[in-house]
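Enquirer: sharing a sequence plus its predicted fold:
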Amino acid sequence: MKKYAFFLLAISLLLSSLSQAAIPPTSSQPTIANEQIEESIAALKNMSKKERKEKSMEIKKAVRSYKSQLKDDDDVDTNKVLALVFAVLIPPIGVVIYENKVTTKFWLSLLLTLLFYLPGMIYSLLVVTGNA
């Protein structure tokens, strides 16, 4: 029982540090001047309802295409390699690194890992490689 308590404590500490590391610092994000924000608001107010609806549809379409482009990206980057390594060593952590947040896949991986290590590792590898 002490092993499981220590294991859960280690996972929680690692998850908290990973969640903080996954959030990029705000200083690296571009800042928008107040004048630009005011101009954008004024332009939005001057648009008709139809123009606003068309503009929001364009934005939604661009966001959808960006998300699908992120999913379809087949480049092997550092996070995926790191997620694969952790999927073998500590399966739930590999899932969190791959998903960038705690999801139901993480909880399922944690449950399988706690029941027996091998099913958790197999499931995590399936999630990280995109076959789950």
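Expert: Received, thanks.

Enquirer: where does the protein have its least confident helix or strand?
Expert: helix 2-22 (a mean of 55; mean pLDDT, DSSP states H and E).

Enquirer: the domain parsing of the chain - what is it?
Expert: The chain is divided into the following domains under automatic domain parsing: 34-72, 75-132.

Enquirer: what about stretch 44-54, start to end distance?
Expert: 12 Å (C-alpha to C-alpha, to the nearest Å).

Enquirer: what's the average pLDDT for it?
Expert: Stretch 44-54 shows a mean pLDDT of 82.

Enquirer: who touches that stretch?
Expert: For stretch 44-54, the surrounding residues in contact (C-beta atoms under 8 Å, 6 or more residues apart in numbering) are residue 55. For glycine as for every other residue, the C-beta is placed from the backbone atoms N, C-alpha and C.

Enquirer: give me that answer again for 10 Å
Expert: When contacts are defined by C-beta atoms under 10 Å, 6 or more residues apart in numbering, stretch 44-54 is touched by residues 43, 55.

Enquirer: you'd agree residue 98 is up against residue 85?
Expert: No: counting by C-beta atoms under 10 Å, residue 98 stays clear of residue 85, with 11.3 Å between them.
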